[in-house]
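Chemist: 3D, please:
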Amino acid sequence: MKLMALSAVVVKAYPLITAPLFLFLFTKDEFGALDYSYYVMSLGCILLTMGVHNGYARYALDVAIEPNLKVKKYSYLLVSASFIVVLTSISVLLIGIFGLSVSDWIPMVLQAHPYAFAFYIVSGALAYTSLTAERFSLSARSLVAITSVIYIFPLLALIVIYYTFARIEVHLVLLSQIVFNFIAFMISLYASICKIDVNRIFVLSRRYVIYSFPLLFALVSEALINFSGRLFLAKLYPEGLGDFAIASRVASVSLILNFFISFMFHPIYYRDYDKKSFVSFWGALYSSFIVVYCLSIIIAPGIMAFAWEYLYIPPDLNLTYSLFLILTANLLAGLQIFHLGMHVKEKTSVVGLIYLVTIPVAIALNFILINQYPLIGASLALVATMMFISIPYIYFSNKVSERKLKLNTFAKISVALAIVFVLLFVLGNGSPNSNFTLSFALIAISLLVITIKSTVRQYHESYSKA
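Modeler: Model (predicted):
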């Protein structure tokens, strides 16, 4: 479990780790284009594989359905790769038949190399398939090797290219990643080949698909929520794409905590969620999680302000506010990882429905708010969307699992966050002094911490009595 958690941390830390390197190697517009391509690829991973990694992750360690782990891994790789080949072929045919053009929605930097951009998306889906397969293979050596091929070797190749030619084009980043993505998939596929009859492949693949299909809507919705802001910025305010990318990359440090807890403790939760000792531990972990997040929300904007001052860059309040808002959106998303009632009871169709209903809301909010307040609008849309998801998600999860947590617990957190947003926006527009603004922001966020501390106590008490 620790190894899977660390692998997930590396994946989520990748955008943060590469941010300083890419900002050194590329202009802000090029950095924004690379960030854009990364999120398109993330969406492509879900659509082209139909999200079957969820089914594999759910049943990989379940010996009741198949005792041979290698058989399950091989069947997963085959069904995922088949989806990628078939859906990619269909997409190419549809684009050719109907003459579809998407260039207006793609940053100018990427328009010059459309084939590299397309292959990057497909190779990313194959790489994600291999990474998921190795995470649950119980082989530390295989997981480390695949993670290195996908995330470390491409960076080393870019550094060598830069010091050889003193310049790197954006498409070279994509091409380098494409090569290593394909290598990673071939290594994983070769290592998993085993004797298996067609019937066993069909039975396992069917189970993966049936479990994963309802969650596909949730995965696509989540990816679209993160991508729609970048999409509208590329179309309506392309000069803000780089700033939004910077704020998102800095805020992504908080997602490391989300994914570590998810991969480390979710398998244990499924096994022990009814045990009193685990209930107490889960409540304490929940409390610590929120406190750490609140501290990051308090500290991060101040760190960015000092960083700008150290770099002799004029303080950009919009970028600071955007960072604060994205961190808050990550907190709202992170609250969901503690509410697994619908997953334990296998009511995943409700999860899919919640996310599916939110897609038009996210698109509408991004279009409206980015037109009015470009960078801040994209960040506000992300926060509002996550709130639209989290309220029903937490409510139904607790209802299904019969946890007696009242909805007003979450409402208090939402109200406290809303007060902070208003204070930040009003103070920012009324005072050009960033230090003055951040001081008041600290006071407001301290009130938020106090509010959440009391609600966490209520949560822990209700969980202990459940």
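Chemist: if we look at the one helix or strand residue 56 maps to, which residues are touching it?
Modeler: In the assignment (DSSP states H and E), residue 56 maps to helix 53-59. Under the contact criterion CB atoms under 8 Å, 6 or more residues apart in numbering, helix 53-59 has outside partners 65-66, 72-73, 76, 80, 128-129, 132-133, 135-136, 204, 207-212, 215, 219. No exception for glycine: its C-beta is placed from N, CA and C like everyone else's.
Chemist: Which elements pack onto the helix of greatest length in the chain?
Modeler: In the chain, with assignment by DSSP state H, the single longest helix is helix 198-236. Using 3 or more CB pairs under 8 Å, 6 or more residues apart in numbering; DSSP states H and E, the elements in contact with helix 198-236 are helix 28-49, helix 53-59, helix 69-98, helix 241-251, helix 348-372, helix 374-400.
Chemist: in the first one, what counts as buried?
Modeler: Right, helix 28-49. Residues 29-49 are the ones in helix 28-49 that count as buried (16 or more other CB atoms under 10 Å).
Chemist: Also stretch 333-351?
Modeler: Applying 16+ other CB under 10 Å to stretch 333-351 flags 333-343, 347-348, 350-351 as buried.
Chemist: circling back: report the mean per-residue pLDDT for the longest helix of the chain.
Modeler: Helix 198-236 shows a mean pLDDT of 85.
Chemist: quick one, domains of the protein?
Modeler: Following automatic domain parsing, one finds the domains of the chain at 1-218, 237-466.
Chemist: Would you tell me which of those gets closest to residue 230?
Modeler: Of all those, it is domain 1-218 that lies closest to residue 230, at 5.2 Å by CB to CB.
Chemist: how distant is the closest one from the center of its chain?
Modeler: 14 Å (CA atoms, centre = their mean, to the nearest Å).
Chemist: which element is residue 154 on?
Modeler: Counting by DSSP H and E, residue 154 is part of helix 153-165.
Chemist: Averaged pLDDT, that helix. What do you get?
Modeler: 86.
Chemist: Can you name every helix or strand that it contacts?
Modeler: The contact analysis (3+ CB pairs under 8 Å, 6+ apart) places helix 153-165 against helix 2-25, helix 170-192.
Chemist: need these in TSV with mean pLDDT and mean neighbour count, can you?
Modeler: Converted to TSV, the helices and strands packed on helix 153-165 look like this (pLDDT from 0 to 100; neighbours: other CB atoms under 10 Å):
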stretch	mean pLDDT	mean neighbour count
helix 2-25	71	18
helix 170-192	91	20
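Chemist: and of the ones you listed, who's closest to residue 223?
Modeler: Nearest of the helices and strands packed on helix 153-165 to residue 223, taken as CB to CB: helix 2-25 at 14.3 Å.
Chemist: if we can go back for a sec, please identify which of the helices and strands packed on helix 153-165 is closest to residue 88.
Modeler: Nearest of the helices and strands packed on helix 153-165 (CB to CB): helix 170-192, 13.5 Å.
Chemist: burial measure for residue 141, as a count.
Modeler: Residue 141: 10 surrounding residues under other CB atoms under 10 Å.
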